[in-house]
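Trainee: Let's see this in three dimensions:
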Amino acid sequence: MNNVNQENIIYRLLMLVIIIVAACTPQKQSTSGLMGDNQLLFEEKFNQPLDTAIWKVELQPSPGSAVKVGNGGLQLQTSAGVTVWLNKLLTGNIMIAYDRKVMVQNGPLDRLSDLNQFWMANDPHNNNLFTRSGKLEDYDNLQLYYVGMGGNSNTTTRFRRYDGKGNRTLIKEYLDSAHLLKPNQTYHIKTIINNGRVSYWVDDQLYFSYTDPVPLTKGYFGFRSTKSNQLISNLKIYRLKN
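Mentor: Just a heads-up that it's a prediction; the model follows:
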């Protein structure tokens, strides 16, 4: 075998190795490719008093609790359960993005727990969704997706699907510290519904992904929490252009 043939064989083998390595190397997952020319459906900067026609607050009666705009965002300062619903029906492929932090600065309501949300929520038993007290168990008979990040006093991060019949199916959970909350850290949260695939991202890192065999294609979004002091800002909701 002459030198030219040997070089050709070596070159082809090297190229084959490069192709195989590239195919087997995990690619960093990102939402950046989804931004593009997507249509902005809704934006809330939380720089004006809360519009009660747009936002429906369900706050479990509790001493010292308040939901208000201030300090550059929406403040959830509660000693019990709270849901703040966006009164806007969302349909189809969308992305919900916002910033949020749990404040722990030795205040009376400071507790590192429960950076939570509902989305694509529907009440199969009542045309009016906004009828609850803010207690978590009140929502058991809804259809929705739910993430509880740093729940149970910051020991679990869970993704559930509620079926409207009282079943709250656990899709996935984390117990490790990397997926739990850090005090006073601002997290950028993105939630994406795209052709039946539901995903939840934190600081552009994929936490949950689920291809729903019976996807929830329309419903309402709500911030959810309990017994904590939180600040939410920069809410944007997009229609995905696929």
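Trainee: Okay, now the unreliable bits of the chain?
Mentor: 1-36 (pLDDT under 70).
Trainee: got the residue ranges for the strands in it?
Mentor: 39-44, 55-59, 66-70, 73-86, 90-91, 94-102, 115-122, 143-150, 156-163, 168-174, 187-194, 197-202, 205-211, 218-239 (DSSP state E).
Trainee: could you check the angle strand 73-86 makes with the third one?
Mentor: Put simply, strand 66-70 runs at 120 degrees to strand 73-86, going by axes from the mean of the first three to the mean of the last three CA atoms, to 10 degrees.
Trainee: Just the CA trace of strand 66-70, in CSV.
Mentor: Written as CSV, here are the backbone C-alpha positions of strand 66-70 (Å, rounded to 0.1, in the frame of the first residue of the first chain):
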residue,chain,number,x,y,z
ALA,A,66,-50.4,40.9,51.5
VAL,A,67,-50.1,40.8,47.7
LYS,A,68,-49.0,44.1,46.3
VAL,A,69,-46.8,45.9,43.7
GLY,A,70,-43.7,47.4,45.2
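Trainee: what are the pairing partners of it, and which direction each?
Mentor: strand 73-86 (antiparallel) (DSSP bridges).
Trainee: returning to that earlier point: and the strands of the chain: which comes nearest L136?
Mentor: Nearest of those to L136, taken as CB to CB: strand 73-86 at 5.4 Å. (C-beta placed from N, C-alpha, C; glycine too.)
Trainee: how big is the angle separating the closest one from strand 94-102?
Mentor: 140 degrees.
Trainee: on that earlier part again, in CSV: the strands of the chain, plus distance to L109.
Mentor: As requested, those are exported to CSV (distance: least, CB to CB, whole Å):
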stretch, distance to L109
strand 39-44, 23
strand 55-59, 13
strand 66-70, 9
strand 73-86, 5
strand 90-91, 30
strand 94-102, 11
strand 115-122, 15
strand 143-150, 16
strand 156-163, 21
strand 168-174, 25
strand 187-194, 19
strand 197-202, 23
strand 205-211, 26
strand 218-239, 5
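Trainee: For those strands, could you give me JSON lines that also reports distance to G134 and mean neighbour count?
Mentor: Listed next are the strands of the chain as JSON lines, based on distance: least, CB to CB, whole Å; neighbours: other CB atoms under 10 Å:
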{"stretch": "strand 39-44", "distance to G134": "20", "mean neighbour count": "14"}
{"stretch": "strand 55-59", "distance to G134": "4", "mean neighbour count": "18"}
{"stretch": "strand 66-70", "distance to G134": "10", "mean neighbour count": "16"}
{"stretch": "strand 73-86", "distance to G134": "4", "mean neighbour count": "23"}
{"stretch": "strand 90-91", "distance to G134": "21", "mean neighbour count": "16"}
{"stretch": "strand 94-102", "distance to G134": "18", "mean neighbour count": "21"}
{"stretch": "strand 115-122", "distance to G134": "12", "mean neighbour count": "24"}
{"stretch": "strand 143-150", "distance to G134": "15", "mean neighbour count": "23"}
{"stretch": "strand 156-163", "distance to G134": "16", "mean neighbour count": "20"}
{"stretch": "strand 168-174", "distance to G134": "17", "mean neighbour count": "13"}
{"stretch": "strand 187-194", "distance to G134": "21", "mean neighbour count": "19"}
{"stretch": "strand 197-202", "distance to G134": "23", "mean neighbour count": "20"}
{"stretch": "strand 205-211", "distance to G134": "25", "mean neighbour count": "15"}
{"stretch": "strand 218-239", "distance to G134": "8", "mean neighbour count": "21"}
